[in-house]
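Student: can you look at this prediction? I've put the sequence above it.
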Amino acid sequence: MDSVQNFYDDLAESYHLIFEDWNRSIERQGEALTRVLAGRWGLRGGRLLDLAAGIGTQALGLAARGFDVIAADLSPRAVSRARREASGRGLSLPVVAADFRSLPFATGTAPAVIACDNALPHLLSLAEIRGALVEFKRCVQPGGGIVLSVRDYGEPPLAGTVEHRPYGERHWNGRRVFAEQEWHWHGATYEVRLRIRPLDDDSAAVVAVQTTYLAVPVSAILELMRDIGLAGVERLDGAFYQPLLVGTAPRAA
């Protein structure tokens with residue numbers, strides 16, 4: 001996972017520029033996840049683990065709605081920024097740098113865990129994804145919920161295909177930048193090359209980072225969730241900007 005950590009470490013101070021309006025995205029995503037947590041498990045506050053917190057897009061929105069969020073991420077720089085962002089908003093957000101395949105939390109730490117923004121497909125095999133899901137389940141209290149958001153991949157294109165995916169022009173603190181991705185396909189995996197180019201200052205550095213994903217079908221992740229013993233496993237469309245996959249940890253017999 002070194003390349004994944006480097007990707008998010010190097011992107012930590014610029015990640016918000018992927019969003020057209022990051023502050024609005026924080027608010028909107030926090031609201032959407034709160035509706036799901038309340039509707040499925042009756043949770044409107046209390047402890048929650050964000051296991052792929054990044055710079056805090058979901059964690060900040062949920063903390064603002066009364067959840068006691070603990071933010072974990074593979075990238076120390078990303079969670080450090082999440083903590084700064086929380087402080088600037090008057091929110092408490094404990095953070096920890098951790099690989100979600102081996103988490104530093106006690107069994108049954110929280111009534112819910114989340115891992116959003118297509119984090120699971122950074123793991124490049126179904127066996128690794130299954131192992132991470134087992135770890136998520138371990139951290140949830142019996143009867144508690146797991147919420148994932150993932151990209152809905154279709155059939156991968158031919159190896160060697162390059163897809164250009166621009167985010168577009170972004171404005172932040174009087175600056176203009178252009179954010180874009182290229183996807184370089186290698187069968188079931190693809191390499192993401194992300195660039196953020198300044199438009200107003202030729203002397204400013206271009207942010208250029210890359211990492212690899214597995215184009216895992218949503219159906220395969222749902223099957224793994226059922227296989228590890230989660231109940232009520234379901235795909236929710238239209239509730240979030242990506243499909244949400246939800247499941248409930250079994251209660252003790």
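Tutor: Thanks, I have the structure now.
Student: contacts only, for Glu31.
Tutor: 61, 65 (Cβ atoms under 8 Å, 6 or more residues apart in numbering). To be clear about C-beta, it is placed using only N, CA and C from the backbone, and glycine gets the same treatment.
Student: mind checking how far it is from Trp172?
Tutor: To Trp172, Glu31 is 22 Å away according to Cβ to Cβ, to the nearest Å.
Student: cool, and Arg24?
Tutor: 13 Å.
Student: between these two, tell me which one has more neighbours.
Tutor: Neighbours were tallied for Arg24 and for Trp172 using other Cβ atoms under 10 Å; the higher tally belongs to Trp172 (13 against 10).
Student: next, the residue lying closest to that one once chain neighbours are set aside: phi, psi?
Tutor: Distances taken as Cβ to Cβ, 6 or more residues apart in numbering place Leu17 nearest to Trp172, at 6.1 Å, with adjacent residues excluded. As for Leu17, its main-chain torsions (degrees, to the nearest 10) stand at phi -70, psi -10.
Student: got a list of what Leu17 touches?
Tutor: Counted by Cβ under 8 Å, 6+ apart, Leu17 has contacts 170, 172, 177, 179, 196.
Student: least confident of those?
Tutor: Here the lowest pLDDT out of the contacts of Leu17 sits on Trp172, with 87.
Student: ok, it touching His16?
Tutor: Yes: with contacts counted by Cβ atoms under 8 Å, Trp172 reaches His16, the gap being 6.9 Å.
Student: which among the contacts of Leu17 count as buried?
Tutor: 170, 177, 179, 196 (16 or more other Cβ atoms under 10 Å).
Student: what's the nearest residue to Gln210 once chain neighbours are set aside in contact with, if anything?
Tutor: Closest residue to Gln210 in three dimensions, ignoring its sequence neighbours and counting by Cβ to Cβ, 6+ apart: Arg193, at 4.5 Å. Neighbouring residues of Arg193 by Cβ under 8 Å, 6+ apart: 181-184, 208-210.
Student: which members of those residues define the maximum pairwise distance?
Tutor: With Cβ to Cβ as the measure, no two of the contacts of Arg193 lie farther apart than Trp183 and Ala208, at 14.9 Å.
Student: which stretches of this structure form helices?
Tutor: Remark: helices assigned in the chain by DSSP state H are 2-11, 22-41, 57-63, 76-88, 126-139, 218-227.
Student: what mean pLDDT does the longest one get?
Tutor: Across helix 22-41, the average pLDDT comes to 98.
Student: and it, what's buried?
Tutor: Neighbour-count burial for helix 22-41 flags 22, 25-26, 29-30, 32-34, 36-37, 40-41 (criterion: 16+ other Cβ under 10 Å).
Student: neighbour-wise, which of Trp183 and Ala208 wins?
Tutor: More crowded of Trp183 and Ala208, by other Cβ under 10 Å: Trp183, with 17 against 12.
Student: show me the beta-bridge partners of the more buried one.
Tutor: Glu163, Val192 (DSSP bridges).
Student: with that, I have no additional questions.
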